[in-house]
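Visitor: Here is a sequence with its predicted model. Questions after.
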Amino acid sequence: MKKIILISLLALLLIWSCRIEQIPSPQISTGTLPQSKISELSLDERIVIEEAWNDIKRGDGRRALNQVSKVSPENPFYYTITAYAYFLLNDFQRAEQYFKTALQQGPDIALTHLGLAQLYQKTQRDELAFIQYREVLKREPNQTWAKSRYEQIKTQKTMDTLQEAKDHLNQGNTQASERAYLKALYYSPDSEEAHSALADLYLKEGKYDNALIHLKTLLSQKPENKEALKLYADALFRKEEFKRSLEAYKDLKKLSPEDQEIENRIQQLKNRLGIFELPSQYDSIPSRETATNEDMAALIGVKFQKYLPDTRAEPPIIIDISTSWASEYILKLTSMEILDIYPNHTFKPKNIVTRAQLAEIIFRLINHLKQNGYSLIQQIPPQSIQLPDVSPNNFYYRPIIMALSYGILNTSMGGNFNPENPVSGQDALKAVNTLLSLIK
């Protein structure tokens, strides 16, 4: 009887020791081995690998290690199966080493990424797990097990980083807040909250290019997002991209037709960009044989809008520009005394501009720029310029000498200036562009 009891105790002890030796394996996902790789193996290798993988799927890490040791480390599945085996045995350090070696050997095997992702998640390194789950889904978009865990980490990390960003913002630490919002976009590139918050932060800092990136993303997701569209239009306006700003405000007007503030901004932009109201008249200037007074007003108004701030001077009385397509530019430039009106309150918008008159306009523009702190590079010493057809007593002598000294206008082959000759549209455009290039 004692012998039977002793044998029973020994048997129980043996069973207990086996249970202690075999650590319960974690719940993991395995999937199937890629047949494209399996088919490249010899028959013997294929049998060993498939048997080892079945051991992994059964949770028997020790048997899987014994099986896989029968093939060379050159086998495309050696390191992956070894890694899974150590993972099952809870030897996470070795498992990670083998997973990484397996990825060096075969970076496109989804099973390896899947195992490493699970290991990272098991060891509470969700950021690294997120990367590996993403790699799995790049190769197998329909891998539902990986997708569910990828989405779980993505949702949690996005929520955490958004809250972190708001906490930093409440504490006045905008730089840390920006970093946290950008991190949220790493997990959720389409996060409206992150894009909206970053756009707002960048606008306050005057970083309009950065703000526009996030606003464009918001609008690509929801084109009728009024708040995003308004911020987008305003950012373009502040960046002095007036044409694009006008188009954005027009789109906003369609969504909010009764908003007077939007209508006021549209009118303001139209005043700056009369060119877009009547593009054919402006665009045809370079092709004209002769440039007119209204052509010069439009060229200067458009090209120099950056250097001609809105004037508060009382607009002059002009009785013959009501039908001129360039009337707004004429009013602005005459009020600034860059262009003249006649004593009878006419501007004569259709009159042809002569070379002498163009020199006078250039002369006034240069003086205006200098008075406002801009410097220009003079090309030729004025005292060295001799003109056979323009005497020092000529009303236009000083303007002509200045235009020549800056290289904006030139003399003919014979050295004459030909002050009474008409100016072509191309010559007018060239003179204006040359003057712009000299501004420093």
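Guide: Done, it's in.
Visitor: any idea where the helices of the stretch 101-250 of the chain begin and end?
Guide: Ranges of helices in the stretch 101-250 of the chain, per DSSP state H, counting those that start in this stretch, are 110-122, 126-139, 144-170, 174-187, 192-204, 208-221, 226-238, 242-255.
Visitor: hang on, Phe100 packs against Leu116?
Guide: Phe isn't right for residue 100; it's Lys. Yes. Taking Cβ atoms under 8 Å as the definition, Lys100 is a contact partner of Leu116 at 7.4 Å. (C-beta placed from N, C-alpha, C; glycine too.)
Visitor: So for these two, which sits in the more crowded spot?
Guide: It is Leu116, of Lys100 and Leu116, that has more neighbours when counted by other Cβ atoms under 10 Å, with 27 against 14.
Visitor: wait, that one sits on Leu103?
Guide: Yes. With contact defined as Cβ under 8 Å, Leu116 counts as touching Leu103 (7.2 Å).
Visitor: Which residue ranges of the stretch 201-350 of the chain form strands?
Guide: Ranges of strands in the stretch 201-350 of the chain, per DSSP state E, counting those that start in this stretch: none exist.
Visitor: Just the CA atoms of stretch 143-151, as CSV, please.
Guide: C-alpha atoms of stretch 143-151 as CSV (Å, rounded to 0.1, in the frame of the first residue of the first chain):
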residue,chain,number,x,y,z
GLN,A,143,-5.5,41.1,-42.2
THR,A,144,-8.4,41.7,-39.8
TRP,A,145,-6.6,40.7,-36.7
ALA,A,146,-3.8,43.2,-37.3
LYS,A,147,-6.2,45.8,-38.5
SER,A,148,-8.4,45.7,-35.3
ARG,A,149,-5.3,46.2,-33.1
TYR,A,150,-3.9,48.8,-35.3
GLU,A,151,-7.1,50.8,-35.1
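Visitor: contact partners of it?
Guide: Outside stretch 143-151, the residues that touch it by Cβ atoms under 8 Å, 6 or more residues apart in numbering are 29, 31, 110, 114, 117, 121, 129-130, 133-134, 136-137, 140.
Visitor: Swap in 6 Å and give it another go.
Guide: Around stretch 143-151, the neighbours that count as contacts under Cβ atoms under 6 Å, 6 or more residues apart in numbering are Ser29, Leu114, Tyr133, Val136, Leu137.
Visitor: so the second one makes contact with Glu135?
Guide: Put plainly, it is Leu114. No. Counting by Cβ atoms under 6 Å, Leu114 stays clear of Glu135, with 8.8 Å between them.
Visitor: Pick out whichever of these two has more residues nearby.
Guide: Set Leu114 next to Glu135 and count neighbours by other Cβ under 10 Å: Leu114 wins out with 28 against 20.
Visitor: check contacts around the nearest residue to the more buried one once chain neighbours are set aside.
Guide: Leaving aside its sequence neighbours, Leu114 sits nearest to Val136 (Cβ to Cβ, 6 or more residues apart in numbering; 5.0 Å). Applying Cβ under 6 Å, 6+ apart to Val136 gives the contacts Ala110, His113, Leu114, Gln143, Ala146.
Visitor: what's the farthest-apart pair in these?
Guide: Within the contacts of Val136, two members stand farthest from each other by Cβ to Cβ: His113 and Gln143, at 9.9 Å.
Visitor: Mind checking which of the two has more residues around it?
Guide: The neighbour comparison of His113 against Gln143 (other Cβ under 10 Å) goes to His113, with 27 against 19.
Visitor: That one and Gln132 touch, don't they?
Guide: Yes. The criterion here is Cβ under 6 Å, and His113 meets it with Gln132 at 4.9 Å.
Visitor: Can you list the low-confidence ranges for this protein?
Guide: Residues of the chain meeting the criterion pLDDT under 70: 1-27, 274-279, 310-313.
Visitor: For Arg63, the count of nearby residues, please.
Guide: The number of residues packed near Arg63 is 16, by other Cβ under 10 Å.
Visitor: Could you report the distance from the residue nearest to it when sequence neighbours are not counted to Gly61?
Guide: The shortest distance from Arg63 to any non-neighbouring residue, by Cβ to Cβ, 6+ apart, is to Asp55 (4.4 Å). Noted for Asp55: a distance of 8 Å to Gly61, by Cβ to Cβ, to the nearest Å.
Visitor: got the angle for the host helix or strand of Ala52 vs helix 110-122?
Guide: Ala52 is part of helix 43-58 when elements are defined by DSSP states H and E. With axes from the mean of the first three to the mean of the last three Cα atoms, to 10 degrees defining the directions, helix 43-58 sits at 30 degrees from helix 110-122.
Visitor: Quick one: list the elements packing against helix 43-58.
Guide: In terms of contacts (3 or more Cβ pairs under 6 Å, 6 or more residues apart in numbering; DSSP states H and E), helix 43-58 is packed against helix 61-68.
Visitor: Tell me the gap between the helix it packs on and the middle of its chain.
Guide: 52 Å (Cα atoms, centre = their mean, to the nearest Å).
Visitor: Let me know the next secondary structure element after that helix.
Guide: Next along from helix 61-68, by DSSP H and E: helix 78-88.
Visitor: List of residues touching that next one?
Guide: 25, 52, 56, 59, 61, 64-65, 68, 71, 94-95, 98-99, 101-102, 111-112, 115, 119.
Visitor: Filter the residues you listed down to the buried ones, ChimeraX style.
Guide: Only the buried entries of those go into this ChimeraX selection, using 16 or more other Cβ atoms under 10 Å:
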select :52,56,59,61,64,65,68,71,95,98,99,101,102,111,112,115,119
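Visitor: ok so, going back, would you tell me which of the helices of the stretch 101-250 of the chain gets closest to Phe417?
Guide: Between Phe417 and the helices of the stretch 101-250 of the chain, the shortest separation by Cβ to Cβ is 36.8 Å, and it involves helix 242-255.
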